[in-house]
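> here are the coordinates; sequence isn't available:
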């Protein structure tokens, strides 16, 4: 039973694993997973050890049904013995380990102990008068062992947890009586040892089964998307059964961004076969692999939400926000609108596509910049310049968020239309370079610095994370630490409520 604590822990432990890659309410259920979450044996052991203490404390007390029996005692005769108020007060954890394979995830615990209390009462008849006595006893259970096999399956995009096989065994029981005759002690031990052991095994197993059912129900209630902001959410629907092998578990989830306004996610993304990316250095607890399409689904959502356009009315070089600053660049602009204010209306004209290469991310951004003149309270569009910006960036990690930044590689431009005649594009180029370097890319990087959340539970933080960009994939290899910010068992419903916001 000290063990059952070990075994309740892994049940909750699977919820933690599931929430490392929590599922989503996507309108489209893809058969392809664009994010995979690999939990190594080191990660499995970390979660098991972390939850074991909580499981032990939550397991007790356990009340066991009274046991009554008529026992034949030498020189005494038939004695009616009743054990009542049998309670498992505490458990101690021995050794335990977790492994995974084709049959599921196996948790084995051994060397467990338990402390129990109970009341006893006996009565028997003599040829003169009936005799009875009662008192209390303490019981020490030693050598408990338990093994159970847990199954994890995809059920309509969420994880279903089931108990495939289990067994609980008690090796020894030691009873200490408060009161009672000498003959009664040995009679009680001989008559009830096996029944007490069996009752402990059955009660602990029952508590475990009940816990698994409750935890499975909680898994089914976990919301199926992680909000990113008011525009987008991350679809983390499980697309297939987890794969258990070699003391590890591999989850595969949809991983594409979806719009929060109810517009269905694009379904034209297909995962190409890519050479696997491996972590370097010492083994980490968790590996999260993100396909290139995850990032491109994000640019699609934000582009369609018209989130890639803005009006520039402040910038480091304020001279470009007055026609006087354009006097020698576009003379006719200043001549027609002397000393008027200028706004730069920038909009991305097509969805940017990201290409993840070795240790970098490349993108080409097609955009239009309209020069607006503010003349006597009227906004006048005078010219539109088309820009093709080639940028190279990198991906970083900040706590549990993926962030990034881009720098200019090169750009080209052309005059799309003009209401003030032809522009000398050679003269305009320097001004455009200033706008890109001091406005466009800093604005982009400001938003990228906020990042988007990786599917990691509150109260846990990635530690010593390594990021590898290669073969159109981003691999995050990391250990995980528990910050102690949340009580783990109170955390699960909290996580459900938080994701429902």
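Noted; the coordinates are in hand. What you see is a predicted model; the values in this text were computed from it and never measured.

> which other helices and strands contact the lengthiest strand in the chain?
Criterion DSSP state E: the longest strand present in the chain is strand 130-155. Applying 3 or more Cβ pairs under 8 Å, 6 or more residues apart in numbering; DSSP states H and E, one finds that strand 130-155 contacts helix 2-19, strand 104-125, strand 158-169, strand 172-178, helix 182-221. For glycine as for every other residue, the C-beta is placed from the backbone atoms N, C-alpha and C.

> just checking, which of the ones you listed sits deepest inside the structure?
Neighbour counts (mean count of other Cβ atoms under 10 Å) averaged over each of these peak at helix 2-19, with a mean of 28.

> what mean pLDDT does it have?
When pLDDT is averaged over helix 2-19, the result is 38.

> any low-confidence regions in the stretch 351-500 of the chain?
Scanning the stretch 351-500 of the chain for pLDDT under 70 picks out 484-500.

> Go again with 50.
Low-confidence segments of the stretch 351-500 of the chain, defined by pLDDT under 50: 491-500.

> The stretch 201-350 of the chain too?
If you take pLDDT under 50 as the line, the stretch 201-350 of the chain has no such spans.

> which stretches of it form strands?
Per DSSP state E, counting those that start in this stretch, the stretch 201-350 of the chain carries strands over the ranges 225-227, 232-235, 243-245, 248-253, 257-259, 286-291, 309-312, 341-348.

> circling back: what angle separates the longest strand of the chain from strand 158-169?
Relative orientation of strand 130-155 versus strand 158-169 (axes from the mean of the first three to the mean of the last three Cα atoms, to 10 degrees): 150 degrees.

> quick check, distance from strand 130-155 to the centre of its chain.
Strand 130-155 sits 34 Å away from the centroid of its parent chain (Cα atoms, centre = their mean, to the nearest Å).

> same check, this time on stretch 244-260
For stretch 244-260, the distance to the chain centre is 10 Å (Cα atoms, centre = their mean).

> So for that stretch, what gets flagged as buried?
Residues of stretch 244-260 classed as buried: 244, 247-260 (neighbour count, 16 or more other Cβ atoms under 10 Å).

> closest one to residue 290 among the helices and strands packed on strand 130-155?
When the helices and strands packed on strand 130-155 are compared by Cβ to Cβ, helix 2-19 sits nearest residue 290, at 17.5 Å.

> Skipping adjacent residues, who's closest to residue 379 in space?
Distances taken as Cβ to Cβ, 6 or more residues apart in numbering place residue 372 nearest to residue 379, at 5.2 Å, with adjacent residues excluded.

> by contact count, what packs against whichever helix or strand that neighbour is part of?
Under the criterion of DSSP states H and E, residue 372 resides in strand 360-375. The contact analysis (3+ Cβ pairs under 8 Å, 6+ apart) places strand 360-375 against strand 341-348, strand 353-357, strand 378-398, strand 401-418.

> how far is it from where the chain is centred?
What separates the centre of strand 360-375 from the centre of its chain is 36 Å, taken as Cα atoms, centre = their mean.

> What strands line up against that strand, and which way round?
strand 341-348 (antiparallel), strand 353-357 (antiparallel), strand 378-398 (antiparallel) (DSSP bridges).

> nearest to residue 123, of those strands?
Proximity to residue 123 (Cβ to Cβ) singles out strand 378-398 among the strands paired with strand 360-375, at 71.2 Å.

> Report the inter-axis angle for that closest one versus strand 286-291.
Interaxial angle, strand 378-398 versus strand 286-291 (the same axes, to 10 degrees): 140 degrees.

> Now do the phi/psi pair for residue 126.
Backbone dihedrals for residue 126, given as degrees, to the nearest 10, come out at phi -110, psi 170.

> what's the residue nearest to residue 379 in contact with, if anything?
311, 342, 343, 344, 345, 379, 380, 381, 382 (Cβ atoms under 8 Å, 6 or more residues apart in numbering).

> Counting neighbours, what do you get for the closest residue to residue 197 other than its chain neighbours?
In this structure, residue 197 finds its nearest non-sequential neighbour in residue 170, 4.0 Å apart by Cβ to Cβ, 6+ apart. Residue 170 has 24 neighbours, counted by other Cβ atoms under 10 Å.

> ditto for residue 126
9.

> With residue 47 instead?
Neighbours of residue 47 under the rule other Cβ under 10 Å: 26.

> Would you mind naming the helix or strand containing residue 37?
Going by DSSP H and E, residue 37 is part of strand 35-39.

> same for that strand, what does it pack against?
Strand 35-39 is packed against strand 248-253, strand 286-291, with contacts defined by 3+ Cβ pairs under 8 Å, 6+ apart.

> Dump these into TSV; add distance to residue 73 as well.
Formatted as TSV, those follow (distance: least, Cβ to Cβ, whole Å):
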stretch	distance to residue 73
strand 248-253	55
strand 286-291	61
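
> still on that earlier bit, nearest to residue 307, of the helices and strands packed on strand 130-155?
For the helices and strands packed on strand 130-155, the distance to residue 307 is smallest for helix 2-19, at 28.1 Å, taking Cβ to Cβ.

> Neighbour-wise, which one of the contacts of residue 372 leads?
For those, the largest neighbour count, defined by other Cβ under 10 Å, is 23 neighbours, found at residue 382.

> Pull the number of nearby residues for the nearest residue to residue 303 once chain neighbours are set aside.
Of all residues beyond its chain neighbours, the one nearest residue 303 is residue 351 (4.4 Å), with distances taken as Cβ to Cβ, 6+ apart. Applying other Cβ under 10 Å, we find 16 residues neighbouring residue 351.

> Double-check residue 351 against residue 298; I have them as touching.
No. The pair residue 351 / residue 298 is not scored as a contact, 10.1 Å apart, by Cβ atoms under 8 Å.

> Can you pull the residues that touch both of those two?
Counting by Cβ under 8 Å, 6+ apart, residue 351 and residue 298 have no shared contacts at all.

> What's the mean pLDDT across the strand holding residue 37?
Here the average pLDDT along strand 35-39 is 89.

> which residues sit against it?
If you take Cβ under 8 Å, 6+ apart as the criterion, strand 35-39 is touched by 17, 20-21, 47, 236, 248-255, 285-291, 294, 455.

> ok, 7 Å please
Under the contact criterion Cβ atoms under 7 Å, 6 or more residues apart in numbering, strand 35-39 has outside partners 17, 20-21, 248-253, 255, 286-290, 294.

> gap between it and the chain center?
Distance, stretch centre to chain centre, for strand 35-39: 10 Å (Cα atoms, centre = their mean).

> ok, and the closest non-adjacent residue to residue 137?
residue 177 (4.9 Å).

> How about residue 135?
residue 179 (3.6 Å).

> Equivalent analysis for residue 164, please.
Counting by Cβ to Cβ, 6+ apart, residue 149 is the residue found nearest to residue 164 once chain neighbours are left out, at 4.4 Å.

> That neighbour and residue 108 touch, don't they?
No. Checked against Cβ atoms under 7 Å, the pair residue 149 and residue 108 is beyond contact range at 9.9 Å.
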